[in-house]
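Student: Sequence unavailable; structure follows:
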């Protein structure tokens, strides 16, 4: 395929491109909390948490090819870990992040063991059942000493939390967030500052999830994952330890998915089965839709997909808006008794399988390589890792993500 | 003792709906090797239509047959336009398409009929409650030995058994049924015997959706109304039933459905603290998991050797 | 008269072209054998004729163009195939397998007669009439596959490597049946094989296939007489 420009990987032009893209993203991330209104910040927080969940799901579904429609349960574990630990035991919310990660990780590993013996379609059913059972578990009377049952937490017999973050209690609320003596947000009782604070928590979590995903995907484990996705038997024959890899990835995927749950719990200030939509199966399906539309099996796919989803849902949710975009879509959906967002994405998902199965990222890769082509480093080193890559690239369909 | 009997009867009638959904899943799976994730939502869509037919004054039995017709159209159209072209790419793509269809149909129901339950005086429904196929006023029951056996419940069970019998005849005594079995068994050889495999696949999906439609209508009748969330859990129960019975055994699907209905109802009745109403779904979950670990091909299914 | 005629037949799988402008024909009443090593394109040829894969070029049957015809039309035209690897319906009973063979027929009584007839020709199938086809031995399944193909009363029988994986004794039995049908009822047969020995004795004509092209054709006697061909392809 002809391209206008060819540049070498690792060369100056390549670095310039990468830095430019990075600058753009960083600029965007910083612009939101400083210049945008409260509504946009709230939307951005939603996008960031959705992104994190979708990236987590991508590890097990996009890269390893194991179907899971129950990741909402892991997000729920994250949210409830925070809720329980803060409002029942008065712990600091910061601790809940690693705690939620560990708990979800363990659950993920446990789920992966039967999953190893279950083939694709059945795994989808099991994870769907898990996703459906989880909210029911929360309302189960036998567990309400922990979960607060249907009403959620905090409830009347929660302890006062002492470190603030305002999960349900006005007193003892944290007033300033100080890090090494620096107070970047000011008085946290003011809604603007609080919003900015939550935004940054969400952004940091998203960045952490991204970096972890990136690290895993680019490592040897990442190649094992793709090998499993493309042909499990061949992967086993090539020396991939199926059970161990799947367990690790499932655990990691679950643990990472719990983190946005913590963020949501902190932001909303309470946890309950009704209050957090993302811990139901609908949430799990949303993660999947977002991931596939953005581009399954790519690092930026879930990010783009989540941003698009939140953006479109916002714009089509309120017919009172007179923005340009609703004006285009409105005539198509004026008859609908509910907002068209979900319908649009469902149709988009189906269409995508026909025209662009690799999602938006796939389309970008196809067309951007007509303009700029990054030539890989010449093969030099001999050894197991490059050899594995060479073998696997004949087995898999490896793609380059935009940097 | 009487209560036990009643719980069994009730369980069988709920199980009948699961059996219907499971039947649809199994017919599609046998024919095309795919799990139709949208099976429950197709059924729901038809159930909404039947409500609409009722609003237009059509009595329930003709309305139900019309609804099954709608289901047949939806199912076969899906196979031809969405599944067949995508199946060439990968099973994953088909899976995504059915998930997309699941979401789309559920959204469409809300878009057309709104997200409140129906019938609903608030939106001017003429019907007071969702019509049932069998008389279900409070007094429509037998009362032997103090047990309440409602006509409706028995009617549903009989209906499902009759349907199962008809399907048995279709599969085993008709030429079309033979072609369905042949295609499920070895679709390339089926082509070599002059069977039009594409037509068989299309009809399989149509038939499955029509059966599902019946399930949706029955469930709505039992529930008294139709609403957007009606078929989520039913779909899972149906999948559990298909798993239990074996995904390639229609008879297994029916038995599985009835069994799960009974188990679930007995569990929630006799263990109200442990299972109660909240954890009924947990029963389904445990069943699926246990079967998949112990005997993945289900009670009546045949284990397939996997080709590398 | 010419029953089957293929000219310039080109077919393959996706980007890989296997058959390159193949020309072959089968006259009425002939028993034609196509020999070739693994990968030569024998099965591809069979699948192309039966319409299972897309093909370019020209294929005619009884003077009618079947190049673009779907598989079911080709069966109705009178071509039946015994595919490679038996291709029975493992979950169906022996009897049901035979019924599928008669799918295109509507004369129920004659179908029943035919089933009875084939169960007589293959007594081992009669013993297992109601058994699942998948539980039969390789040889029995091969017999079943042949009987199934013949149930449609074809004018041309295509056989793809019937001896594959079978013991020599069973293979001889099968070839004897095929030879009998050819001789007594004038059944036209196109048979592809790796096993040259058995096939050569019955053949009216032989084609040699190599990497998708016909490299030699003639009567069995002619090809055996040619030293180089004999040594290279026929192994003796």
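Tutor: Perfect, I can see it now. Note that the structure is predicted; figures quoted are calculated from it, not measured.

Student: Quick check on residue C:156: phi, psi?
Tutor: Main-chain dihedrals, residue C:156, degrees, to the nearest 10: phi -130, psi 130.

Student: Neighbours of it, how many?
Tutor: The number of residues packed around residue C:156, counting by other C-beta atoms under 10 Å in any protein chain shown, is 22. Bear in mind the C-beta positions are built from the backbone N, C-alpha and C, glycine included.

Student: Distance of it relative to chain A?
Tutor: Counting by C-beta to the nearest C-beta, to the nearest Å, the separation of residue C:156 from chain A is 39 Å.

Student: unless I'm mixing things up, that residue is touching residue C:188, no?
Tutor: Yes. Residue C:156 sits in contact with residue C:188 when judged by C-beta atoms under 8 Å, with a separation of 4.8 Å.

Student: list residues touching both of these two?
Tutor: Common neighbours of residue C:156 and residue C:188, counting by C-beta atoms under 8 Å, 6 or more residues apart in numbering or on different chains, are C:3-4, C:26.

Student: Check which helix or strand residue C:59 maps to.
Tutor: Following DSSP states H and E, one finds residue C:59 within strand C:55-61.

Student: so what strands line up beside the helix or strand just after that strand?
Tutor: Using DSSP H and E, the helix or strand that follows strand C:55-61 in sequence is strand C:64-65. Its sheet considered, strand C:64-65 pairs with strand C:55-61 (antiparallel) by DSSP bridges.

Student: Quick check: which of the shared contacts of residue C:156 and residue C:188 are also close to chain A?
Tutor: Restricting the shared contacts of residue C:156 and residue C:188 to those touching chain A (C-beta under 8 Å from any C-beta of the partner chain) yields no residues.

Student: ok, which stretches of the chain are strands?
Tutor: No chain in the question, so chain A it is. A:5-8, A:372-375 (DSSP state E).

Student: nope, chain C please
Tutor: Along chain C, counting by DSSP E, strands occupy C:2-13, C:16-27, C:31-36, C:55-61, C:64-65, C:79-82, C:156-160, C:188-193, C:205-210, C:213-218.

Student: how about those in a markdown table, adding mean pLDDT?
Tutor: Putting the strands of chain C into a markdown table (pLDDT from 0 to 100) gives the following:
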| stretch | mean pLDDT |
| --- | --- |
| strand C:2-13 | 89 |
| strand C:16-27 | 89 |
| strand C:31-36 | 89 |
| strand C:55-61 | 92 |
| strand C:64-65 | 92 |
| strand C:79-82 | 95 |
| strand C:156-160 | 94 |
| strand C:188-193 | 91 |
| strand C:205-210 | 88 |
| strand C:213-218 | 86 |
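
Student: Can you say which of those strands is packed in most?
Tutor: Mean neighbour count (mean count of other C-beta atoms under 10 Å in any protein chain shown) peaks for strand C:79-82 among the strands of chain C, with a mean of 27.

Student: partner residues bridging the residue nearest the centre of chain C?
Tutor: Closest to where the C-alpha atoms of chain C average out (C-alpha atoms, centre = their mean) is residue C:159, at 1.5 Å. Listed by DSSP bridges, the beta-bridge partners for residue C:159 are residue C:82, residue C:191.

Student: Next, the angle strand C:31-36 makes with the longest helix seen in chain C.
Tutor: As assigned by DSSP state H, the longest helix anywhere in chain C is helix C:168-185. Orientation of helix C:168-185 against strand C:31-36 (axes from the mean of the first three to the mean of the last three C-alpha atoms, to 10 degrees) gives an angle of 140 degrees.

Student: how distant is helix C:168-185 from the center of its chain?
Tutor: Between the mean C-alpha location of helix C:168-185 and the chain-wide mean there is a distance of 13 Å, by C-alpha atoms, centre = their mean, to the nearest Å.

Student: Same check on stretch C:60-77?
Tutor: For stretch C:60-77 - counting by C-alpha atoms, centre = their mean - the centre lies 16 Å from the chain centre.

Student: just stretch A:208-223 next, same as before
Tutor: If you compare the mean C-alpha spot of stretch A:208-223 with that of the full chain, they lie 14 Å apart, counting by C-alpha atoms, centre = their mean.

Student: So which bits of it are buried?
Tutor: Residues A:209-210, A:212-213, A:216-217, A:221-223 are the ones in stretch A:208-223 that count as buried (16 or more other C-beta atoms under 10 Å in any protein chain shown).

Student: So which of these is the closest to residue B:140?
Tutor: residue A:209 (57.0 Å; C-beta to C-beta).
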